[in-house]
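A.B. asks: everything below, folded, please.
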Amino acid sequence: MKAGAEESAVVKPATLNQNQLAYLKGIEAATFRGFKKLLDPATDLPVDIASITQGDVSVHPENAYYSKTSPTNIGLGFIYLILARDRGYLSEDEAYQSALRMMDALEKLKTHEGFLFNWYHLSGEKGKIPEVTLDHFVSSLDNGDLDICLMAVAGAFPQTELSNRIDAFLKKNDYRFFFSKNPDHRDNGMISVGYDAAKETYHSADYSIFNIEGRMTVLVAILKDDIPDSAWKKQGRLVRTYTTLQNETVPIVAAWGGSLYETLFADEILGGYKIAPKAFLRNAQNMIRIHQDKGKRISKSGIWGFSNGEVPGQDRYEMTGVSEIAYNRFPGEFVTPYSSFLALRYSPEAVIENFKRIEVLNPKAFNPQYGFTDSIDPKTGVINRQILSLDKGMELLSIGNFMNGLEGKKEIPDYFWDYAKSRSWDGKGKALLKEEEDNPSFRSLHEPQNAAPADHDLPAVDLMEVRQDMGAFSEAGRAKASFQIIESAGNSPTLEIQYDVSQRYSYSGVYIHYNDLDVTERRSLFFQIKGDEQEGFPETIKLELKYQGEYVQFEHIPLKSTWTDAQILLPVNSQKVDEVTFVIENSAAGKNRKGKVLIRSLALR
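C.D. replies: Numbering: from 1, shown residues only. All right, here's what the predicted structure looks like:
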């Protein structure tokens with residue numbers, strides 16, 4: 001059965017007992033206390049990373065890697081001021097004056113086309129303007145995060161000097177810079193990931209996947225009338241399914257890395273769970289169930305919440321999630337407490353239980369001076385002894401919203417939509433969110449799908465025979481791929497792929513193009529695959545089916561040194577396919593970053 005189908009799509013008021021409420025208040029106080037320690041004394045902007053020494057937070061202004069800040073960090077710094085005021089950790093005047101100091105610093109930062117660069121060094125010296133550090137990349141997502149947070153701030157301090165300065169700041173950037181002004185735009189109707197000002201080139205990737213943080217950037221750009229509504233509507237909403245230990249099927253509109261934060265973070269500001277509960281609330285509930293089940297599979301502790309963060313015991317940021325439902329497979333299996341914070345409004349009792357299990361696994365995972373550490377290994381209990389303002393900011397955003405909601409106070413989405421209303425944007429913005437309830441992908445989360453196509457005894461379609469063209473691809477300058485077709489008498493031709501994905505996060509592979517294959521009566525794509533034992537082979541290879549550049553289906557296929565049958569099931573109601581792609585990713589290659597993969601008997605059935 002489809003999990004959750006009997007539940008009503010509404011946010012049920014939390015009913016916590018006094019012990020649970022007291023426990024959360026202690027966590028809330030520590031979380032706000034910890035974030036405050038991350039603020040640069042010269043600018044009030046939050047530093048990116050702090051270490052934990054002798055049981056407390058230590059910032060390192062002399063270290064440009066630690067004491068840097070980003071547009072997203074800054075945006076969460078502003079959110080902290082709203083919620084610290086609302087929760088009683090700062091007075092109205094303290095929060096307002098700090099926000100003005102942040103605006104003072106923000107308005108002086110070097111920009112490109114009105115947009116902030118990725119990183120600025122916070123030296124801690126008063127009067128010194130933070131300088132661009134690390135690179136000159138301009139991220140559309142990070143700027144979108146900042147802008148939407150600023151809109152919430154203007155809504156929280158309406159008709160003030162602060163709100164007027166925010167209005168002026170927001171007018172300086174135009175998201176057409178990442179859209180129609182991109183010469184590599186190729187009429188795909190999507191916002192580019194960003195622009196390298198040093199190299200004067202746009203990033204080749206774009207925000208074409210809906211269920212990620214980037215949907216906030218797309219919405220902001222639409223509300224500002226910089227880009228058309230089509231950029232929102234054209235984003236991919238591919239539905240994947242996950243089978244639990246109880247053999248229940250849980251459908252989900254897939255996220256890029258399968259992380260919890262990709263699904264939940266945006267709605268802590270947009271409030272989609274309330275505006276379109278049959279879409280965003282149901283998807284959030286299903287994603288949480290998937291992460292809870294994955295936690296039980298991974299370790300005896302059963303703790304859950306898999307999202308990007310610091311690798312436990314290592315000073316290294318890594319991406320992770322539930323790979324079974326992810327577009328991109330990442331090897332990490334560590335738990336980030338901030339992920340659990342983001343689930344508070346949906347499953348508060350389960351989150352409290354998760355927090356307590358984390359503390360049992362390692363009592364040092366929580367400290368009253370700063371709250372939870374950034375990450376924990378669910379098997380060993382090893383924690384990361386650093387905290388990130390990004391993750392701590394999402395913690396305070398989530399728990400601040402939740403506690404305000406319990407007390408009947410405004411939450412951050414309310415402030416954001418107050419601002420949108422003042423600009424006459426709220427009708428358009430809420431309509432885009434509400435329309436998601438009618439999107440076939442979101443409808444499939446709570447409505448029965450049509451039956452699978454009946455058997456028709458159709459002959460298999462040999463995809464090597466009917467191909468139009470094929471070629472190798474790789475991330476320019478970072479990976480390599482080549483291929484050859486090996487013919488053998490009486491047997492299906494074998495596709496041999498040589499790959500090199502030695503550099504971190506790199507990828508390469510082979511594509512095969514077709515002339516609009518009709519798959520309406522087909523069930524699956526079948527093939528046989530093996531890795532070359534002598535040259536080495538990846539742990540998994542990603543198979544993608546596409547039509548006109550959009551995903552029809554994908555699967556991560558495990559490899560062995562012997563021929564193995566594999567198949568990828570076609571989604572119900574699939575109609576056409578014009579591309580089959582095999583992708584080898586660095587994150588899924590394991591120890592063999594170079595090697596060879598062999599594929600044969602590629603056919604539609």
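A.B. asks: any idea of the mean pLDDT for stretch 305-318?
C.D. replies: For stretch 305-318, the mean pLDDT works out to 93.
A.B. asks: would you mark the buried spots in that stretch?
C.D. replies: Under the neighbour-count criterion of 16 or more other Cβ atoms under 10 Å, stretch 305-318 has 305-312, 317-318 buried. All C-beta atoms are positioned from the backbone trio N, CA, C, and that covers glycine.
A.B. asks: among those, which pair sits farthest apart?
C.D. replies: For the buried residues of stretch 305-318, the maximum inter-member distance is 16.5 Å, found between 305 and 317 (Cβ to Cβ).
A.B. asks: the closest residue to residue 423 other than its chain neighbours - how many residues pack around it?
C.D. replies: Nearest residue to residue 423 in three dimensions, chain neighbours excluded: residue 223, at 7.6 Å (Cβ to Cβ, 6 or more residues apart in numbering). Other residues lying near residue 223 total 21 when counted by other Cβ atoms under 10 Å.
A.B. asks: my read: residue 223 touches residue 431, true?
C.D. replies: No. At 11.4 Å, residue 223 does not count as touching residue 431 under the criterion of Cβ atoms under 8 Å.
A.B. asks: now intersect the buried residues of stretch 305-318 with the strands, please.
C.D. replies: 309-310, 317-318 (DSSP state E).
A.B. asks: residue ranges with poor pLDDT in the stretch 151-300 of the chain?
C.D. replies: 184-188 (pLDDT under 70).
A.B. asks: hey, where'd the helices end up in it?
C.D. replies: Remark: helices assigned in the stretch 151-300 of the chain by DSSP state H, counting those that start in this stretch are 161-170, 215-223, 230-233, 260-264, 267-270, 272-275, 282-298.
A.B. asks: now the third one: buried residues?
C.D. replies: It refers to helix 230-233. Here helix 230-233 shows 231-233 as buried, counting by 16+ other Cβ under 10 Å.
A.B. asks: go ahead and flag the most central residue of the chain.
C.D. replies: Taking Cα atoms, centre = their mean, the centroid of the chain lies closest to residue 262, which sits 3.1 Å from it.
A.B. asks: now do the contacts for that residue.
C.D. replies: Counting by Cβ atoms under 8 Å, 6 or more residues apart in numbering, residue 262 makes contact with 211-213, 255-256, 307, 321.
A.B. asks: out of those residues, who's nearest residue 157?
C.D. replies: Nearest to residue 157 among those, with distances taken as Cβ to Cβ, is residue 213, at 24.8 Å.
A.B. asks: wait, doesn't residue 521 sit right on residue 458?
C.D. replies: Yes. Using Cβ under 8 Å, residue 521 is in contact with residue 458, at 6.2 Å.
A.B. asks: shared neighbours of these two, which are they?
C.D. replies: Common neighbours of residue 521 and residue 458 are not found (criterion: Cβ under 8 Å, 6+ apart).
A.B. asks: check residue 573 and give its pLDDT.
C.D. replies: Reported pLDDT at residue 573 in the predicted model: 79.
A.B. asks: does it belong to a helix or a strand, and which?
C.D. replies: According to DSSP states H and E, residue 573 maps onto no helix or strand at all.
A.B. asks: ditto for residue 502
C.D. replies: Residue 502 belongs to no helix or strand, assigned by DSSP H and E.
A.B. asks: how about the strands in the stretch 501-605 of the chain?
C.D. replies: Secondary structure of the stretch 501-605 of the chain by DSSP state E, counting those that start in this stretch: the strands cover 507-518, 524-531, 540-547, 550-558, 564-569, 576-585, 594-604.
A.B. asks: let's have these in JSON lines, adding mean neighbour count and mean pLDDT.
C.D. replies: Shown next, in JSON lines, are the strands of the stretch 501-605 of the chain (neighbours: other Cβ atoms under 10 Å; pLDDT from 0 to 100):
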{"stretch": "strand 507-518", "mean neighbour count": "18", "mean pLDDT": "96"}
{"stretch": "strand 524-531", "mean neighbour count": "20", "mean pLDDT": "96"}
{"stretch": "strand 540-547", "mean neighbour count": "21", "mean pLDDT": "95"}
{"stretch": "strand 550-558", "mean neighbour count": "18", "mean pLDDT": "92"}
{"stretch": "strand 564-569", "mean neighbour count": "15", "mean pLDDT": "93"}
{"stretch": "strand 576-585", "mean neighbour count": "22", "mean pLDDT": "96"}
{"stretch": "strand 594-604", "mean neighbour count": "21", "mean pLDDT": "96"}
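A.B. asks: what's the closest of the ones you listed to residue 277?
C.D. replies: Closest to residue 277 of the strands of the stretch 501-605 of the chain, according to Cβ to Cβ: strand 550-558, at 25.7 Å.
A.B. asks: tell me what the closest one is packed against?
C.D. replies: strand 540-547, strand 564-569 (3 or more Cβ pairs under 8 Å, 6 or more residues apart in numbering; DSSP states H and E).
A.B. asks: got the contact list for that strand?
C.D. replies: 208, 236, 238, 323-324, 327, 329, 519, 529, 539-546, 566, 568-571, 574, 577, 588.
A.B. asks: neighbouring strands - and their directions - for it?
C.D. replies: strand 540-547 (antiparallel) (DSSP bridges).
A.B. asks: which residues touch the partner strand?
C.D. replies: Residues from elsewhere that reach strand 540-547 (Cβ under 8 Å, 6+ apart): 328-329, 509, 516, 525, 529, 551-559, 566, 568, 570, 575-585, 588, 597.
A.B. asks: give me the angle between it and strand 507-518.
C.D. replies: Strand 540-547 and strand 507-518 are oriented at 40 degrees to each other (axes from the mean of the first three to the mean of the last three Cα atoms, to 10 degrees).
A.B. asks: how about residue 195, what does it touch?
C.D. replies: Contacts for residue 195 (Cβ under 8 Å, 6+ apart) come out as 112, 137-138, 140, 177-178, 182, 201-203.
A.B. asks: just the buried residues of those residues.
C.D. replies: Among these, those classed as buried by 16+ other Cβ under 10 Å are 137-138, 140, 177-178, 182, 202-203.
A.B. asks: the residue nearest to residue 362 when sequence neighbours are not counted: how many residues sit nearby?
C.D. replies: Nearest residue to residue 362, sequence neighbours excluded (Cβ to Cβ, 6+ apart): residue 381, at 3.9 Å. By the criterion of other Cβ under 10 Å, residue 381 has 18 neighbours.
A.B. asks: who touches residue 381 in this structure?
C.D. replies: By Cβ under 8 Å, 6+ apart, the contact list for residue 381 reads 301, 361-362, 365.
A.B. asks: any idea which element it lies in?
C.D. replies: Judged by DSSP H and E, residue 381 forms part of no helix or strand.
A.B. asks: got phi/psi on it?
C.D. replies: The phi/psi pair for residue 381 (degrees, to the nearest 10) reads phi 80, psi 0.
A.B. asks: same question for residue 427.
C.D. replies: Dihedral angles (degrees, to the nearest 10) for residue 427: phi -60, psi -50.
A.B. asks: and the gap between it and residue 43?
C.D. replies: 37 Å (Cβ to Cβ, to the nearest Å).
A.B. asks: who has more neighbours out of the two?
C.D. replies: It is residue 43, of residue 427 and residue 43, that has more neighbours when counted by other Cβ under 10 Å, with 27 against 10.
A.B. asks: next, the contact list for the residue nearest to that one when sequence neighbours are not counted, please.
C.D. replies: Closest residue to residue 43 apart from its sequence neighbours, by Cβ to Cβ, 6+ apart: residue 105 at 3.8 Å. For residue 105, the contacting residues are 43-45, 129-130, by Cβ under 8 Å, 6+ apart.
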